[in-house]
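Q: Quick one: sequence plus predicted model below, questions after.
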Amino acid sequence: MRLHRSARYQEGRLLSLVFLFLSVTSTSPSVTTPTPVYQYYPNVNSAFSITSGGGRPYYRLISTTNSSIEECAVSAALYVNESNPSERCLSASFFKAPSNSSYNQQCWCYVLPKWIPLISNEADSVQLIWPCVGNSDCSYNGECNDQSLLCDCSTGWKGSRCQELDLQKINAANPGLRLVDENGQNISTWGAPMLMDKESGLWHAWASEMLYSCGINSWTTNSHIVHATSVSPFGPWARHEEVVPSFAHEPDVAQGPRGELVMVYSFFRMPSNSSPCTQCANGMTLNQDVKNGCGPNRTHTFHQMMMISPGFDQPWGEPFEITKVSFVTCCPIHTNSTNSQTFFSTTRSHVIIVIPCPNITPLS
């Protein structure tokens, strides 16, 4: 009988320990799941390449049943990639009224820090600001603060993930190269090497301009090279002639030792089944006709071209393709010459660039 009571006692004690364990574990603090801060952008499409036939390697379709950007934001926050658990949505777009109805009410998120907003009535967008874990979350342009779990950006960078250049404010009256058409509509341009003609005092620029007042995202079909001049690099600039028709992109211009101008640019001969974007206004591409090969779905095989002009406001010579570049250092053993200059020699396909050595004190 005593043994029976002892066994019941041990059994009751064991049950008490089990209940105590369950009580402790149920009241212990749970691991909190990080939640992002949402920044909403109405009438902005940050996933425009989805509907324009562009690449999708870093986009994720996370919902087809959302009815608002707020619901899309929640879906983006809950997104999990089982094959890559560290992957998170950093921005998302909700297609509320797409021209292509097959994308209606779709929520797409982007898993890279890149943020390229495009004004559009077709979509609303959101940025998801997650607590940082390490410096990689700050794009390696800053450090993750262990206390605030926010990025402390290095000088020259800003943004929730230090992904934006912290540029100085420009003078709105003198913004640099900003071109408009005859109706005062904005024209999108990419790059513009500038040189000053010391004889006239005029500044010259050569820019990649998008035809038909389209946006930069039309560059693969609409880019051509134009010439502009100004009395100041800050503008205002006057647009002049077309230098190279489409497709031509990313010109770079340098002045040679004899005063000649040398332009290097990328060229692609447009196929017959491709056409430029035309549904554009005020420097923005409103709708890209993918079926006709307009816009970023066009894949190029670039050719690097060169052409030479005798000087400012002089006609350009016939362009030729660069298929080979050689760099040669021409430097005597003993020299203190101060008038050495870089010069080049060209054939129809081979460019030889001769680089002078720096000043060297003669050996005693």
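A: In hand now; what should we look at? Residues are numbered from 1 along each chain as shown.
Q: C-alpha from now on. contacts and neighbour counts both.
A: OK.
Q: where do the helices sit along this protein?
A: Assigned by DSSP state H, the chain shows helices spanning 2-27, 48-51, 69-78, 219-222.
Q: Who are the packing partners of the last one?
A: For helix 219-222, the elements it packs on are strand 203-210, judged by 3 or more C-alpha pairs under 8 Å, 6 or more residues apart in numbering; DSSP states H and E.
Q: make it 10 Å
A: strand 203-210, strand 248-255 (3 or more C-alpha pairs under 10 Å, 6 or more residues apart in numbering; DSSP states H and E).
Q: again with the second one
A: Applying 3+ C-alpha pairs under 10 Å, 6+ apart, one finds that helix 48-51 makes contact with strand 59-63, strand 91-95.
Q: and what of the third one?
A: On a contact count with 3+ C-alpha pairs under 10 Å, 6+ apart, helix 69-78 meets strand 37-41, strand 59-63, strand 91-95, strand 107-110, strand 123-129.
Q: between those strands, which one is nearest to residue 237?
A: Proximity to residue 237 (C-alpha to C-alpha) singles out strand 37-41 among these, at 32.6 Å.
Q: what pLDDT, on average, does that closest one get?
A: Across strand 37-41, pLDDT averages out at 94.
Q: try stretch 138-154
A: The pLDDT scores in stretch 138-154 average 94.
Q: follow-up on the earlier one: ok, and which of the helices and strands packed on helix 48-51 has the densest surroundings?
A: Highest mean neighbour count of the helices and strands packed on helix 48-51: strand 91-95, a mean of 32 (counted as mean count of other C-alpha atoms under 10 Å).
Q: What is the distance between it and the centre of its chain?
A: In terms of C-alpha atoms, centre = their mean, to the nearest Å, the centre of strand 91-95 is found 18 Å from the chain centre.
Q: what lines up beside it in the sheet?
A: strand 107-110 (antiparallel), strand 123-129 (antiparallel) (DSSP bridges).
Q: Now render the helices and strands packed on helix 219-222 as a markdown table, adding mean neighbour count, mean pLDDT and distance to residue 277.
A: Listed next are those as a markdown table, based on neighbours: other C-alpha atoms under 10 Å; pLDDT from 0 to 100; distance: least, C-alpha to C-alpha, whole Å:
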| stretch | mean neighbour count | mean pLDDT | distance to residue 277 |
| --- | --- | --- | --- |
| strand 203-210 | 25 | 95 | 9 |
| strand 248-255 | 21 | 93 | 15 |
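Q: for those strands, which one sits closest to residue 309?
A: Here strand 248-255 is closest among the helices and strands packed on helix 219-222 (C-alpha to C-alpha), at 9.6 Å.
Q: In the stretch 201-350 of the chain, mark out all the strands, start to finish.
A: Ranges of strands in the stretch 201-350 of the chain, per DSSP state E, counting those that start in this stretch, are 203-210, 223-230, 238-244, 248-255, 261-267, 280-281, 284-285, 303-309, 320-321, 324-330, 343-346, 350-356.
Q: Domains in this structure, by residue range?
A: Here the domain parsing of the chain from automatic domain parsing is 37-130, 179-322, 323-364.
Q: worst average pLDDT in the ones you listed?
A: When I compare these, domain 323-364 is least confident, with a mean of 48.
Q: Report how many residues lie close to residue 197.
A: Applying other C-alpha atoms under 10 Å, we find 14 residues neighbouring residue 197.
Q: Let me see the contact set for it.
A: 203-204, 259, 311-313 (C-alpha atoms under 10 Å, 6 or more residues apart in numbering).
Q: Please report phi then psi for it.
A: Phi and psi for residue 197, reported as degrees, to the nearest 10, are phi -80, psi 110.
Q: So for residue 181, which of the strands of the stretch 201-350 of the chain sits nearest?
A: Of all those, it is strand 238-244 that lies closest to residue 181, at 8.9 Å by C-alpha to C-alpha.
Q: Just checking: what are the partner strands of that closest one?
A: For strand 238-244, pairing defined by DSSP bridges yields strand 223-230 (antiparallel).
Q: ok, back up a step: format the helices and strands packed on helix 69-78 as TSV; extra columns: distance to residue 266.
A: Converted to TSV, the helices and strands packed on helix 69-78 look like this (distance: least, C-alpha to C-alpha, whole Å):
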stretch	distance to residue 266
strand 37-41	35
strand 59-63	29
strand 91-95	32
strand 107-110	30
strand 123-129	34
